[in-house]
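Student: Attaching a predicted model along with its sequence, questions to come.
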Amino acid sequence: MNLNVRLKLSTMMFLEFFIWGAWFVTMGTFLAQAFSATGVQTGMAYNTQAFGAIVAPFIIGLIADRYFAAQKILGVLHILGGALLWFAATSASFEAFYPYILIYMLLYMPTLALVNSVAFRHLPDPAGQFAQIRVLGTIGWIVAGLVIGNLGWESKNTLAYTFQMAAVASILLGVFSFFLPHTPPVVDRSAKVSVRDILGLDALALLKDRRYLIFFIASILICIPLAFYYQNANLFMNDVGVANAATKMSYGQVSETLFMLLLPIFIVRFGIKAALIAGMAAWVLRYVLFAYGDAGDKAWMLILGIVLHGICYDFFFVTGQIYTNYKAGEKIKSSAQGLITLATYGVGMLIGFSLAGVISDAYTVEGARNWFTIWIIPAGIALAVLVLFTLTFKNEKVSRENLKH
């Protein structure tokens, strides 16, 4: 790979996920500290991710793939996003903050597909080289957590700085994007396009396969307890007195990187079902550890719960992407990935963040949160999904050759 291209794509990935990790992890704590936000309000703020995931295919399908070069759209979206994040940081109330973060996520979520598009188009061997580029994104997320933790923004009640840091990084990436390799549209603008094409509804044919249907439903359902982690974990860590919580939560991304290397070996040896079950079981264990752990003698339980992120994410969501790719075949591969993303990060997360907000409020009395119950409930939901999936899904073996495609 050309060194100049490698450096540009790596920098792009680093900044893309540094921006997200800079504010998303600690937003729940920020909302509680700055606005005394309710659980429902916090759920609304996190649900902007789901709305962005639902809108993203339209932006990519109608604009990016047909009219403008991907790197130029990426640049414009990040520059606008940087301004929105800065205004969000200076908001005086939740009511003022919410519109900024909603519009921001409607612009940010499409950039996740755009950076992948730019990378894939300029890698000589995408299957073998993409992971080398994508890992810089995980490192970016880790660095954001380290910065927040080491500067003590959580304990100093200055988490507004996280949005300003992300804003500066977003504008920087926006400007940098115009210097990325040229990535012109791939679809003829005169060709007709339908909502069915944009949403990847041709991939619905996969649901005729009973195994894939069970996996598809389980993917949506497991995203419900998943949302509890994103919404509550950092607030919980700070609430119970964990020092430098954002730094410790970055251990999850370190774990994610390590388990990503083990995942292909595990799938080939034990099959898709075992990998998916391991991922779901890790969610159950993580929430049980959070429910019974504390910042004192049981702090190891909280750290272990964080480190389980590698299994939680890789063994279910990455395995799910691999399984979808395997089942779809060449003709509807892209449509199938779009559909599973819409179902999980859109529909599943939308339900999950909404429920997490309601549960948090229901078990909060005069500002004191009953964290045991708040974590045991998603543990129970994840366990129910795990049992149903284990009893109904028949295993499929995937060869190394299948993984390459």
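Tutor: Arrived safely, thanks for sending.
Student: who's in contact with the residue nearest to residue 288 when sequence neighbours are not counted?
Tutor: Among residues not flanking residue 288 along the chain, residue 379 sits closest, at 5.2 Å (CB to CB, 6 or more residues apart in numbering). From N, CA and C alone the C-beta is placed, and that goes for glycine too. Residue 379 is in contact with 225, 283, 284, 287, 288, 291, counting by CB atoms under 8 Å, 6 or more residues apart in numbering.
Student: So which residues of the stretch 51-200 of the chain form helices?
Tutor: 70-89, 94-121, 126-151, 160-177, 195-198 (DSSP state H, counting those that start in this stretch).
Student: just to revisit the earlier point, what residues sit buried inside the helix or strand hosting the residue nearest to residue 288?
Tutor: Using DSSP states H and E, residue 379 maps to helix 371-392. Neighbour-count burial for helix 371-392 flags 371, 374-379, 381-383, 385-386, 389 (criterion: 16 or more other CB atoms under 10 Å).
Student: How about stretch 35-45?
Tutor: Judged by neighbour count (16+ other CB under 10 Å), stretch 35-45 contains these buried residues: 35, 37, 38, 39, 41, 42, 43, 44, 45.
Student: Run through the protein and note the low-pLDDT ranges.
Tutor: Along the chain, the parts satisfying pLDDT under 70 run over 1, 60-66, 127-128, 186-202, 329-335, 397-405.
Student: which one is residue 109 nearest to, not counting chain neighbours?
Tutor: Counting by CB to CB, 6+ apart, residue 109 lies nearest to residue 52, which is 3.1 Å off, once chain neighbours are set aside.
Student: This structure: strands as residue ranges?
Tutor: Using DSSP state E, the strands of the chain run over residues 364-365, 368-369.
Student: Point out the most buried one among those strands.
Tutor: Of the strands of the chain, the one with the most neighbours on average (mean count of other CB atoms under 10 Å) is strand 368-369, at a mean of 14.
Student: Give the other helices and strands that it contacts.
Tutor: On a contact count with 3 or more CB pairs under 8 Å, 6 or more residues apart in numbering; DSSP states H and E, strand 368-369 meets no helix or strand.
Student: From the chain's centroid, how far away is that strand?
Tutor: 27 Å (CA atoms, centre = their mean, to the nearest Å).
Student: Walk me through which strands it pairs with, and which way each runs.
Tutor: Sheet pairing here is set by DSSP bridges, and for strand 368-369 it gives strand 364-365 (antiparallel).
Student: gap between stretch 161-172 and the chain center?
Tutor: So, by CA atoms, centre = their mean, the centroid of stretch 161-172 is 19 Å from its chain's centroid.
Student: Find the nearest non-adjacent residue to the residue nearest to the spatial centre of the chain, please.
Tutor: By CA atoms, centre = their mean, the chain has its centre lying nearest to residue 345, at 7.5 Å. Nearest residue to residue 345, sequence neighbours excluded (CB to CB, 6+ apart): residue 53, at 3.9 Å.
Student: right, and the one you found touches residue 340 too?
Tutor: No - counting by CB atoms under 8 Å, residue 53 stays clear of residue 340, with 11.1 Å between them.
Student: re the thing from before, quick one: which of the contacts of residue 379 sit in helices?
Tutor: Using DSSP state H, the subset of the contacts of residue 379 located in helices is 225, 283, 284, 287, 288, 291.
Student: Redo those as JSON lines? Include neighbour count and distance to residue 85.
Tutor: Formatted as JSON lines, the ones in helices among the contacts of residue 379 follow (neighbours: other CB atoms under 10 Å; distance: CB to CB, whole Å):
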{"residue": "225", "neighbour count": "27", "distance to residue 85": "28"}
{"residue": "283", "neighbour count": "28", "distance to residue 85": "30"}
{"residue": "284", "neighbour count": "21", "distance to residue 85": "35"}
{"residue": "287", "neighbour count": "25", "distance to residue 85": "30"}
{"residue": "288", "neighbour count": "18", "distance to residue 85": "35"}
{"residue": "291", "neighbour count": "18", "distance to residue 85": "33"}
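Student: Just give me the closest of those residues to residue 309.
Tutor: Ranked by distance to residue 309 (CB to CB), the ones in helices among the contacts of residue 379 are led by residue 283 at 9.9 Å.
Student: how far away is the nearest residue in space to that closest one that is not next to it in sequence from residue 304?
Tutor: Here the nearest residue to residue 283 in space, its sequence neighbours aside, is residue 382; by CB to CB, 6+ apart that works out to 4.2 Å. The spacing between residue 382 and residue 304, counted by CB to CB, to the nearest Å, is 16 Å.
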